[in-house]
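[1] everything below, folded, please.
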Amino acid sequence: MQISTHADGWGKTILFDKHEELRSDGVESYVFWARGDHEQDNYMRKIASLSESCIDAVLTKLDGKAGFHSKRQTKRLLRMLDEIDPDVVHLHVLIGYYLDVEQLFSWLARSRCQVIWTLHDCWAFTGHCIHFSSANCNRWKTGCTSECPQINSYPKTLNRHTISWNYQKKKEVFTQLPVDRMKLVTPSKWLRDLASESFLAKYSIDVVPNTIDREVFKPVTTDFKSNYGIEGRYAILGVSSAWSEKKGLQDFIRLSEEVDESHVIVLVGLTSNQIRRLGRRQNSKLLLLPKTKSIEELVSIYSGVDVFFNPTKEDTFPTVNLEAEACGLPVVTYDAGGCRETIRRDDSACVDNYEEAVRQIAKHKGQATLQ
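    Below is the predicted model:
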């Protein structure tokens, strides 16, 4: 049985592919999630409504206690778990305005089941944030306090005074299971090493990298450049499901201002507001695109450009790097989080700063045969 926040994005691959695999092997499998659309049946159930998640988000904004609201939804979930009596409960992302982790872990502690918890970020062992690398903060090692430098980062809150409470409460809640009943999994060695320095260190931690479907992500014939009128130009691609400064959006804007008209920077995954705001720059070197409607459309874009640039400042294990390489692209990425662990091609590069990235991108241009 699996529990996570999202049914869409990587959730489709991680949650539902595994669910189908287990079902095909004759294993009784269940998936519970809170956000995103997916078909439902007796074995796949959405456990929170939009209004319920919104209420949780508002409460979290006010008191900062992310993961300690949604008590009614959690009671509903636990009633279903009582009926199922699972042998294994596989936890994924528990933050997301849908769950009371205290109730959930109390149930797990008194249950007979084995627990696998895949950590997809650092939230499980901090008092607030999901990542702390870009803030160069190590308070999580000894105890987060109201001096948190990332109070405005997700999950946003107006109340910094509960951060110490969050840290101590999560330490109490997340360590109550005996070591022989819970195992942690991380997609990168980088995250494993961090968790090993946290209050979760008593649990065993396996590294299981996220994967992509290489039958889907592969080079394809595409008219992407001609469709957008950018034939003969060196196309630098960036892809994100949520663009922000931490994802490197400003680095792309800077790059667009420094390169000449023989370049075009393609950004995929922007919101309508971001497209409208960036469009005001009237920069002919920026091609601004929303989220793709299908994986096939994304593969077409990967296959139609010249280099993939991922200037993320913090990331656990960015599968976009895997996708780009699988579609035949060299990748230039910052050496942040688990990024280095995603590089496979000899012509890809993991660099320390913007200037090094620009040199690598220019190097690839000199080697590229433009479409």
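[2] start and end of stretch 135-150, how far apart?
    7 Å (Cα to Cα, to the nearest Å).
[3] name the residues that touch it?
    By Cβ atoms under 8 Å, 6 or more residues apart in numbering, the surrounding residues in contact with stretch 135-150 are 122, 125-129, 132, 160-161, 163-164, 166-168, 197-198. Just so you know, the C-beta spots here come from the backbone N, C-alpha and C atoms, and that holds for glycine as well.
[4] what is the most widely separated pair among the residues you listed?
    H161 and E197 (25.8 Å; Cβ to Cβ).
[5] what separation do you get for Y43 and S272?
    Y43 sits 36 Å away from S272, going by Cβ to Cβ, to the nearest Å.
[6] more crowded one of those two?
    Y43 (15 against 8; other Cβ atoms under 10 Å).
[7] how far away is the closest residue in space to the more buried one that isn't next to it in sequence from K18?
    Closest residue to Y43 apart from its sequence neighbours, by Cβ to Cβ, 6 or more residues apart in numbering: Y30 at 5.2 Å. Taking Cβ to Cβ as the measure, Y30 falls 11 Å from K18.
[8] shared neighbours of these two, which are they?
    Common neighbours of Y30 and K18 (criterion: Cβ under 8 Å, 6+ apart): Q2.
[9] any idea how far the residue located most distally from the centre of the chain lies from D251?
    Here the chain reaches farthest from its C-alpha mean at G232, the gap being 33.6 Å by Cα atoms, centre = their mean. For G232, the distance to D251 (Cβ to Cβ) stands at 25 Å.
[10] now I3
    35 Å.
[11] before we move on, what about L289?
    18 Å.
[12] of those two, who's got more company?
    Taking neighbours as other Cβ under 10 Å, L289 and D251 compare with D251 leading, 21 against 16.
[13] so which residues of the stretch 101-250 of the chain form helices?
    101-110, 163-174, 189-195, 224-227, 249-258 (DSSP state H, counting those that start in this stretch).
[14] returning to what we had before: you'd agree the residue nearest to Y43 is up against Q40?
    No. Counting by Cβ atoms under 8 Å, Y30 does not reach Q40; the two are 11.4 Å apart.
[15] out of those two, which sits in the busier spot?
    Counted by other Cβ under 10 Å, Y30 and Q40 do not tie: Y30 has more neighbours, with 19 against 12.
[16] model confidence at that one, what's the number?
    Note for Y30: predicted pLDDT of 96.
[17] go on, the one 3 residues further on?
    Reading off the per-residue confidence, W33 sits at a pLDDT of 95.
[18] what's the distance between it and S204?
    W33 is 26 Å from S204, by Cβ to Cβ.
[19] which of these two has more neighbours?
    W33 (26 against 10).
[20] please, where are all the strands along the chain?
    2-3, 31-33, 44-46, 88-91, 114-118, 182-186, 205-207, 234-239, 263-268, 286-289, 307-310, 331-334, 349-351 (DSSP state E).
[21] need the ones you listed in CSV (columns: distance to G11).
    CSV is the format used below for those (distance: least, Cβ to Cβ, whole Å):
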stretch, distance to G11
strand 2-3, 10
strand 31-33, 7
strand 44-46, 12
strand 88-91, 13
strand 114-118, 12
strand 182-186, 16
strand 205-207, 20
strand 234-239, 17
strand 263-268, 19
strand 286-289, 22
strand 307-310, 21
strand 331-334, 23
strand 349-351, 27
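[22] how about those strands, which one is nearest I151?
    So among the strands of the chain, strand 331-334 is nearest, using Cβ to Cβ, at 24.5 Å.
[23] quickly list what the nearest residue to I230 once chain neighbours are set aside is bridged to.
    Nearest residue to I230, sequence neighbours excluded (Cβ to Cβ, 6+ apart): V264, at 4.8 Å. Applying DSSP bridges to V264 yields these beta-bridge partners: A235.
[24] so V264 versus I301, what's the distance?
    With Cβ to Cβ as the criterion, V264 and I301 are 12 Å apart.
[25] neighbour count winner among these two?
    Neighbour count, other Cβ under 10 Å: between V264 and I301, V264 has more, with 23 against 20.
[26] confidence score at W190?
    97.
[27] I'd assumed T316 was in contact with it.
    Yes. The criterion here is Cβ under 8 Å, and W190 meets it with T316 at 7.3 Å.
[28] with adjacent residues omitted, what lies nearest to the one residue sitting closest to the centre of the chain?
    For the chain, the residue nearest the mean C-alpha position is H120 (6.8 Å; Cα atoms, centre = their mean). The shortest distance from H120 to any non-neighbouring residue, by Cβ to Cβ, 6+ apart, is to V93 (5.5 Å).
[29] circling back: can you list the helices of the stretch 101-250 of the chain in JSON lines and add distance to Q360?
    Converted to JSON lines, those look like this (distance: least, Cβ to Cβ, whole Å):
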{"stretch": "helix 101-110", "distance to Q360": "42"}
{"stretch": "helix 163-174", "distance to Q360": "39"}
{"stretch": "helix 189-195", "distance to Q360": "21"}
{"stretch": "helix 224-227", "distance to Q360": "22"}
{"stretch": "helix 249-258", "distance to Q360": "12"}
